[in-house]
Structures are given as C-alpha cells and as structure tokens.
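In: sequence and computational prediction follow.
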Amino acid sequence: MDSRLLRYFVAVAEELNFARAAQRLAISPPPLSRAIRQLERELGVTLLERTTHSVRLTPAGSVLLDEARGALDALQAAGRRAQRAAATDPKLVLAVKADGDGGLLEPILARYATEPDALPVVVRLSGWLEQPRLLRQGEADAALVYEPYDRTGLDAEILAAEPRVAALAADHPLAAREHLSLADLGLSAGELHRYLDDTRKLGHDLAQLLALVPLGGLIPLLPVSVAARYPRPGVVYRPLPDAPRAVLHIAWPQQSRSTATAALVRAATAVAADARP
C-alpha cells in the first residue's frame, strides 16, 4: 500500500473536509479526491461518505485511520532510527523524566557501560508521559516510565513497584495523621490512574506541581522514591498503604532489533533485581 495514499487519507479523515486537507498537504483538492478514490479501489471498500456539505468516515474508514496513523508513525520512526544508526558516532537515546527513574538511572548506566554491545548514552529529559511518543517516533531507543502510559507498539519490563505517598500542605488537616487511605482522599483504587492524569495536567513538571501544594487543595500521589529526593518547605509526605504501587518500566519499540537497546534492557533488569529487598 502506497504510504502517500495513506498520508492523504489521514489528512482527509482528520479534517473531514477535502479543501482543508488539501491545504494541509499543499496540494489541490482534485488530485486529493482522486487519490482517495484510488485507495478505496485498491482496498475494495468505501472509506468516506461524501455529500456536497459533509464528509464522514465509514466503519472501514475509522479502522483504517487508526491503523494508518500507526503505520505512518512506524515508517517515520524507522527512518529516524536508520539515520541515527548510520551516524559516525552512533548513540543510544534513553528518555527519562527528571524525577521518574526510581533512583535507578545512575546504576543502570554504570552497569550498561560494562556490556559488550553498549553505545554512548544520551539521556533525553522529557515531560509527563512524553517517553512513549518519543519511542514510537524513533526519537528514543528506550525509556524509563511509570504506569499508566500508552503501551501501543511498545515492549516493556517491570523494574520496580514502589509504595505511594500523598504530598500535602503542612497545615492540611490530614497532615496530622501518620498515614492515609485512598478513602481519606475521596478515591478508590479504580480511580487512581484518572486522578494521576488529572493531577499531572496541573504542572509541567514535579517542581511546579509541588509548588502548588502549599497553596492548598492539591494532593499529588507520588512514588516513595520521588518523595525521598524532593523535600520541600511547607510540604509533608504521608504513606498510602492501600494505594496500588507505582510501577516503573523500561520500555522500547516492539520492532527494535538493536543489540545496544537489548543490552540496556539487560542491564536495567539486572540492576532492578539487585535493588529489590
């Protein structure tokens, strides 16, 4: 299947307007319309329902849109990985959130340096849950990332499962307790991932998030290793024994055949095993 036709289809499917899609692709509408019809003939299905006033995806079109996005991302990622592999000084890119390595980054890098297939490592600092996108787009070879995250197209190994703590303003009524429960925060275990996602949206990084805590109201839930490394005036941390643990993964693209990436995964899992009590 021609990747050009897929790219044209995705533009139309996302815009649901041939004129806007053509403008986005920097072509005129007639050849775009012909390309979509060619794709439909090749597949033997109708992808778009067109009227003089609207464009709608058919069920087949909705399925192809999801698949085409992934296929185009994979093609682009393959190109980026090939370019990096052909560099005169190839490197392995590891995506990590600054506060999201469970305290394992330095020992992992030290262990990896002893591997025969090791390459020089570039640590790419990323925002909240940016790592999966970097992996899928070929901008990183591996990542350290906490659940929950989008695992589409990725493989992963668990490195650590840490208790969680709640970060509260020091003068918060709950701060007087030695430990808390999810019910104290009006939460259940099934609501935890949504709560984490909603909380992350309030700050670009952990420093911003913790700066909001003493102002009142905000109670981030953090892995205990993060809390240990980020003491802050006006903020106290209280254990949450009944909260699901914070699970840290090392993730990499499913299609990766890199011996250097495989060596990093081996090093990371070995370090994690040594660190467990």
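Out: Looks like it arrived, so ask away.

In: quick one: neighbours of the residue lying closest to residue 189 once chain neighbours are set aside, just the number.
Out: Excluding the flanking residues, the one nearest residue 189 by Cβ to Cβ, 6 or more residues apart in numbering is residue 244, at 5.6 Å. For every residue, glycine as well, the C-beta is placed using N, CA and C. Applying other Cβ atoms under 10 Å, we find 16 other residues in the vicinity of residue 244.

In: assign a three-state SS to residue 244, would you?
Out: coil (DSSP: H, G, I helix; E, B strand; the rest coil).

In: for it, which residues are in contact?
Out: For residue 244, the contact set (Cβ atoms under 8 Å, 6 or more residues apart in numbering) comprises 164, 189, 192.

In: check residue 155 too.
Out: 251-254, 256.

In: report the distance from the helix or strand hosting it to the chain centre.
Out: With secondary structure defined by DSSP states H and E, residue 155 is part of strand 154-162. For strand 154-162, the separation from the chain centroid amounts to 13 Å (computed by Cα atoms, centre = their mean, to the nearest Å).

In: which elements pack onto the helix or strand just after it?
Out: Next along the chain after strand 154-162, taking DSSP H and E as the criterion, comes strand 164-169. When contacts are defined as 3 or more Cβ pairs under 8 Å, 6 or more residues apart in numbering; DSSP states H and E, strand 164-169 packs onto strand 221-223, helix 224-229, strand 235-239.

In: hey, which of these is tucked in deepest?
Out: strand 221-223 (a mean of 22; mean count of other Cβ atoms under 10 Å).

In: and the host helix or strand of residue 9, which residues are buried?
Out: Per DSSP H and E, residue 9 falls inside helix 3-15. The neighbour-count check on helix 3-15 (16 or more other Cβ atoms under 10 Å) flags 5-6, 8-13, 15 as buried.

In: for that helix, packing partners?
Out: Using 3+ Cβ pairs under 8 Å, 6+ apart, helix 3-15 sits against helix 18-25, helix 29-43, helix 59-85.

In: between the second one and helix 59-85, how many degrees?
Out: Interaxial angle, helix 29-43 versus helix 59-85 (axes from the mean of the first three to the mean of the last three Cα atoms, to 10 degrees): 100 degrees.

In: so for helix 29-43, mean pLDDT?
Out: Helix 29-43 shows an average pLDDT of 92 in the prediction.

In: and that helix with helix 18-25, angle?
Out: Comparing the axes of helix 29-43 and helix 18-25 via the same axes, to 10 degrees yields an angle of 100 degrees.

In: what about helix 29-43, distance to the chain center?
Out: For helix 29-43, the distance to the chain centre is 34 Å (Cα atoms, centre = their mean).

In: by contact count, what packs against that helix?
Out: helix 3-15, helix 18-25.

In: of all those helices, which one is nearest residue 110?
Out: Smallest distance to residue 110 across the helices and strands packed on helix 29-43 (Cβ to Cβ): 41.5 Å, for helix 3-15.

In: just the mean pLDDT for the closest one, thanks.
Out: 91.

In: just want the angle from that helix to helix 29-43.
Out: Going by the same axes, to 10 degrees, helix 3-15 makes 110 degrees with helix 29-43.

In: who's in contact with helix 3-15?
Out: Contacts of helix 3-15 with the rest of the structure, by Cβ under 8 Å, 6+ apart, involve 18, 21, 24-25, 32, 35-36, 38-39, 42, 47-48, 55, 57, 61, 64-65, 68-69, 71-72, 75.

In: and what of stretch 206-217?
Out: By Cβ under 8 Å, 6+ apart, stretch 206-217 touches 98-99, 167-170, 172, 199-200, 202-203, 218-220, 222, 226, 230, 232-235.

In: could you rerun that using 7 Å?
Out: Residues from elsewhere that reach stretch 206-217, judged by Cβ atoms under 7 Å, 6 or more residues apart in numbering: 99, 167-169, 202-203, 218, 220, 226, 230, 232, 234-235.
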